[in-house]
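1. Let me see the structure of the following:
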Amino acid sequence: MASTEAEKNAIFQNESVENADAIVRDILASRVERTTEDGKEVSDVVLQYGRKDMTITFRHGIRLSGGLLVNMYLENARGEAFAKKHETTLLYMAAKNVLEELANKSGQPVAYVFDTESKALSEWARTQGEGLFHWDKKESDPDKPGHSVFTKIFKPEQL
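-> So this is what the prediction gives:
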């Protein structure tokens, strides 16, 4: 699902990003999908852009926060020479598409929980992340300054 212009402005904080939709389509087209031998327990989707890899792990049958459990892990997999502008946000845009597809294919809600203790990542989730995911739930832990949890439930489309 392509983002609207208003969403793109929020996601990229009003900075113009040429061809964001085309880049996301390319990321999705080159994704790598893996699953356990029986295909029933765990499936991974790996997205790559610039120097970063994002692994989205779907644990079949495990429910959390009102939906099937999905974990995402983002890492710097290649050297600085491969870095591209907005690579993290563009990967999250592609990941959002994967989660929407997963909800539609499974016919069940999919829960994505963004849990961080990083101030920078909390700020990203409150700004660009909000513009992208439109969080259903936002929590902070008063006993752990900087710890924030953001939850988005992706619901299957009603056809």
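2. how about low-confidence regions in the protein?
-> Residue ranges of the chain with pLDDT under 70: 1-18, 36-42, 60-67, 158-159.
3. Please give me every residue in contact with Ile56.
-> Ile56 makes contact with Asp44, Val45, Val46, Leu47, Val70, Asn71, Met72, Ala95, Val98, Leu99 under the criterion CB atoms under 8 Å, 6 or more residues apart in numbering. Bear in mind the C-beta positions are built from the backbone N, C-alpha and C, glycine included.
4. Once you drop chain neighbours, what's closest to the last one?
-> So that's Leu99. Closest residue to Leu99 apart from its sequence neighbours, by CB to CB, 6 or more residues apart in numbering: Phe154 at 4.7 Å.
5. Based on its surroundings, how many neighbours for that neighbour?
-> 24 (other CB atoms under 10 Å).
6. give me the beta-bridge partners of it?
-> Val110 (DSSP bridges).
7. distance of it from Asp141?
-> 24 Å (CB to CB, to the nearest Å).
8. same check, this time on Val45
-> Val45 is 30 Å from Asp141, by CB to CB.
9. For the chain, just list every one of the strands.
-> 32-35, 42-49, 52-64, 67-76, 110-116, 137-140, 148-154 (DSSP state E).
10. other SSEs contacting the last one?
-> Contacts defined by 3 or more CB pairs under 8 Å, 6 or more residues apart in numbering; DSSP states H and E place strand 148-154 against helix 87-106, strand 110-116, strand 137-140.
11. related to what we said a few turns ago, and the residue nearest to Leu99, how close does it get to Ser140?
-> 23 Å.
12. try Thr55
-> 27 Å.
13. count of residues packed around the residue nearest to Gln108 when sequence neighbours are not counted?
-> Closest residue to Gln108 apart from its sequence neighbours, by CB to CB, 6+ apart: Leu68 at 5.4 Å. Leu68 has 21 neighbouring residues, counting by other CB under 10 Å.
14. Equivalent analysis for the one 3 residues further on, please.
-> By the measure other CB under 10 Å, the count of residues near Asn71 is 15.
15. ok, what's across the strand from it?
-> Thr57.
16. what's the spacing between it and Thr57?
-> In terms of CB to CB, Asn71 sits 5 Å off from Thr57.
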